[in-house]
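> Sequence first, then the predicted structure, then my questions.
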Amino acid sequence: MLRTRLNEALKQAMLAKNQRAVSTVRLILAALKDRDIAARSRGVTDGIDEAEILSMLQTMIKQRGESIKLYEQGGRLELAEQEREEITIIEGFLPKQMSEEEVAAAVKTVVDEIGATCIKDMGKVMAELKTRYAGQMDFAKVSGTVKQQLSAC
């Protein structure tokens, strides 16, 4: 479904002659094709699943955020603005992001369901969260919430 949305978005951007959207969606599709090719070595012939695509999109947003900081430090504000525009386009393909309260509730639910008690269980909790909430939360930030809810053993 997300693959279809990306292809449709490319067509729409081309018809609208929106160069920024065309180039950004092409970047996404190129990264997706790279991931699909890499997945073949793992025996995945149909391409990566939706959760991996969402993870890839979040990574692309994170990379652009880092670039913005560097461009601003270097006084290249026009390039920073270009990266912001790309982030906006990429975010259009992600599901609605969960609020901090929703993230905390989701973490608590998963911790309770798995029966996690120690920091040693953090990997299991994070894996389950990634399965259930791919694309809906920033897992770099979520790890802090998970650590808070698990005691050190």
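Received it, and whenever you're ready, just let me know what you need.
> for the protein, what's the longest helix?
If each helix of the chain is counted by residues according to DSSP state H, the longest one is helix 50-73.
> Look at Gly65 and say how many residues are nearby.
Counted by other C-beta atoms under 10 Å, the residues lying close to Gly65 total 12. (Each C-beta comes from the backbone N, C-alpha and C, glycine too.)
> Could you do Met56 as well?
Here the number of neighbours of Met56 (other C-beta under 10 Å) works out to 18.
> ok, it - contacts?
Ala31, Leu32, Arg35, Ile48 (C-beta atoms under 8 Å, 6 or more residues apart in numbering).
> which one is the third one nearest to, not counting chain neighbours?
By that I understand Arg35. On the basis of C-beta to C-beta, 6 or more residues apart in numbering, the spatially nearest residue to Arg35 that is not a chain neighbour turns out to be Ile48, at 5.0 Å.
> again with the first one
Leaving out its chain neighbours, the residue that sits closest to Ala31 by C-beta to C-beta, 6+ apart is Met56, at 6.0 Å.
> What pLDDT is listed against the one you found?
On pLDDT, Met56 comes in at 91.
> The chain should start at 797 in everything you say after this.
Okay, using 797 as the starting number, the last item reads as Met852.
> which residues in this protein form strands?
Remark: no strands are assigned in the chain by DSSP state E.
> For the most centrally placed residue in the chain, give its distance to Ile883.
Within the chain, one residue has its C-alpha closest to the average C-alpha position: by C-alpha atoms, centre = their mean, that is Gln854, at 2.0 Å. Computed as C-beta to C-beta, to the nearest Å, the Gln854 to Ile883 distance reads 11 Å.
> circling back to that earlier point, give me the phi and psi for the residue nearest to Arg831.
When quoted as degrees, to the nearest 10, the phi and psi of Ile844 stand at phi -70, psi 160.
> what residues are up against it?
Contacts of Ile844 were listed using C-beta under 8 Å, 6+ apart, and they are Leu828, Arg831, Asp832, Ala835, Met852.
> ok, now with 6 Å
For Ile844, the residues meeting the contact criterion (C-beta atoms under 6 Å, 6 or more residues apart in numbering) are Arg831, Asp832, Ala835.
> is it possible to export those residues to a markdown table including pLDDT?
Output for the contacts of Ile844, formatted as a markdown table (pLDDT from 0 to 100):
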| residue | pLDDT |
| --- | --- |
| Arg831 | 93 |
| Asp832 | 93 |
| Ala835 | 90 |
